[in-house]
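Peer 1: here is a sequence together with a model predicted from it:
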Amino acid sequence: MTQDTAQASTTFGESTLQEYLDQLAAKVPAPGGGAVAALHAAQGAALVAMVARYTTRAKDAEHQPVIERIIAAADAARAKSLTLADADAAAFTAVGNAYKLPKDGDEQLAARNEAITAALLGAARVPAAVVAVADEIVSLATELLPIGNPNVVTDIGAAADCARSAAASSQLNIAINVASLGSGSESEFAPVLTQIDEVIARADALHDDVVAAITK
């Protein structure tokens, strides 16, 4: 089985860590930075869920409705992030395939250009969706910090860092695809580019809050 075939038949959720890293390091088009961004988000969501599950002691009883909601939301965000990692790899592959289409004659060239545009839009929309998940993770982690089990408070900071990385890496993937699309596509992605700056700022602030909590 070739590496391309292995990627096509195995989702990121099904892959071992070694398989994923081997594929990431290989000279193949995907996975790349977009999938990495989605997996950063998945790890951040998992860390939020872990801290919340450690906040189920008897002394935490008053917070249980909030904790249970955070667990459910974080688990859903983790699952969505894995789906987006697969979607990013597929979208990047679609871009490569579109550029390989024949361009002999006006009809083929028009079809190729249409396919490239559609593929580039898809490749930009996946990381935009990752940003939305990263935003949610920062919100969940921020809500969890004041009530989370203090014995694992550093993992809240790590979750924020994962979400920050997911957003920052997604920014790169959105930008390069929008640049390839040319003028006219900026308006669709302008809001998410602004959102990225906000996610990064909030994640950095939460990281600092965690540092303050463990050094006071």
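Peer 2: Nice, thanks for sending it over.

Peer 1: biggest helix in this protein by residues?
Peer 2: If you go by DSSP state H, the chain has its longest helix at helix 106-144.

Peer 1: what's the burial count for residue 100?
Peer 2: Using other Cβ atoms under 10 Å, residue 100 is surrounded by 10 other residues. Glycine gets a C-beta too; all of them are placed from N, C-alpha and C.

Peer 1: touching, residue 151 and residue 54? I think so.
Peer 2: Yes. Because the distance of 7.1 Å satisfies Cβ atoms under 8 Å, residue 151 is recorded as touching residue 54.

Peer 1: more neighbours, these two?
Peer 2: residue 54 (16 against 11).

Peer 1: where does that one fall, phi/psi-wise?
Peer 2: Dihedral angles of residue 54 (phi, psi; degrees, to the nearest 10) stand at phi -80, psi -10.

Peer 1: could you number the chain from 346 rather than 1 from now on?
Peer 2: Taking 346 as the first residue, the last one we looked at is residue 399.

Peer 1: would you mind measuring from it to residue 393?
Peer 2: Using Cβ to Cβ, to the nearest Å, we find residue 399 at a distance of 11 Å from residue 393.

Peer 1: about what we covered before: the longest helix of the chain packs against which elements?
Peer 2: Counting by 3 or more Cβ pairs under 8 Å, 6 or more residues apart in numbering; DSSP states H and E, the packing neighbours recorded for helix 451-489 are helix 378-398, helix 409-444, helix 498-526, helix 531-560.

Peer 1: list the buried ones in it?
Peer 2: 457, 460-462, 464-489 (16 or more other Cβ atoms under 10 Å).

Peer 1: equivalent analysis for stretch 522-539, please.
Peer 2: 522-523, 526, 530, 534, 537-538.

Peer 1: in CSV, list those residues along with pLDDT and distance to residue 555.
Peer 2: Below are these laid out as CSV (pLDDT from 0 to 100; distance: Cβ to Cβ, whole Å):
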residue, pLDDT, distance to residue 555
522, 89, 33
523, 90, 33
526, 87, 38
530, 78, 37
534, 92, 31
537, 96, 26
538, 93, 27
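
Peer 1: that older thread, how about the helices and strands packed on helix 451-489 in a markdown table, adding distance to residue 362?
Peer 2: Listed next are the helices and strands packed on helix 451-489 as a markdown table, based on distance: least, Cβ to Cβ, whole Å:
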| stretch | distance to residue 362 |
| --- | --- |
| helix 378-398 | 10 |
| helix 409-444 | 13 |
| helix 498-526 | 16 |
| helix 531-560 | 24 |
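
Peer 1: distance of residue 470 from residue 537?
Peer 2: Distance, residue 470 to residue 537, by Cβ to Cβ: 9 Å.

Peer 1: check contacts around the residue nearest the centre of the chain.
Peer 2: For the chain, the residue nearest the mean C-alpha position is residue 383 (2.6 Å; Cα atoms, centre = their mean). Contacts for residue 383 (Cβ atoms under 8 Å, 6 or more residues apart in numbering) come out as 357, 426-427, 429-430, 432-433, 471-472, 475, 478, 511.

Peer 1: at 6 Å what do you get?
Peer 2: By Cβ atoms under 6 Å, 6 or more residues apart in numbering, the contact set of residue 383 is 426, 429-430, 433, 475.
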